[in-house]
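Participant: quick check, what structure comes out for this input:
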Amino acid sequence: MRKFAAFSAAVLMCCSASAAITVDYENKDSKEYKWEAVCSGSKTSGVTFKGGTTSASSIQGSAPCTVKTNGGDVVLKGGERILIKDGKITIKK
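Facilitator: Okay, here's the model as predicted:
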């Protein structure tokens, strides 16, 4: 029983320490973008969106995350579908 309790505690600590948000994106530009992101007040390693593709990207940190682009800041909570065109992010409805 002790082993199970210790294992459960280790799993909970591991999972809570690796929070991330994921967004689906479509990048209409041929250029790859790497933008700075701040999640819940903490600066992250950033987020990369590959050029000319539709995919998903994860940002390490807890929501909300502010992605700092040349076209302005965009707040993401996770689960959004975004469109990147001309270096700007638009959240799809």
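Participant: just the helices in this protein please.
Facilitator: 2-17 (DSSP state H).
Participant: residue contacts, the most centrally placed residue in it?
Facilitator: Residue closest to the mean C-alpha point of the chain, counted by C-alpha atoms, centre = their mean, is residue 59 at 2.5 Å. When contacts are counted by C-beta atoms under 8 Å, 6 or more residues apart in numbering, residue 59 touches 20-23, 37, 39, 44, 47, 65, 67, 76. Where you see a C-beta, it was placed from the backbone N, CA and C, and this is true even at glycine.
Participant: swap in 10 Å and give it another go.
Facilitator: Shown in contact with residue 59 (C-beta atoms under 10 Å, 6 or more residues apart in numbering): 19-23, 35, 37-39, 44-48, 65-67, 76, 78.
Participant: what about those residues, which are in strands?
Facilitator: Among these, the members found in strands (DSSP state E) are 20-23, 35, 37-39, 47-48, 65-67, 76.
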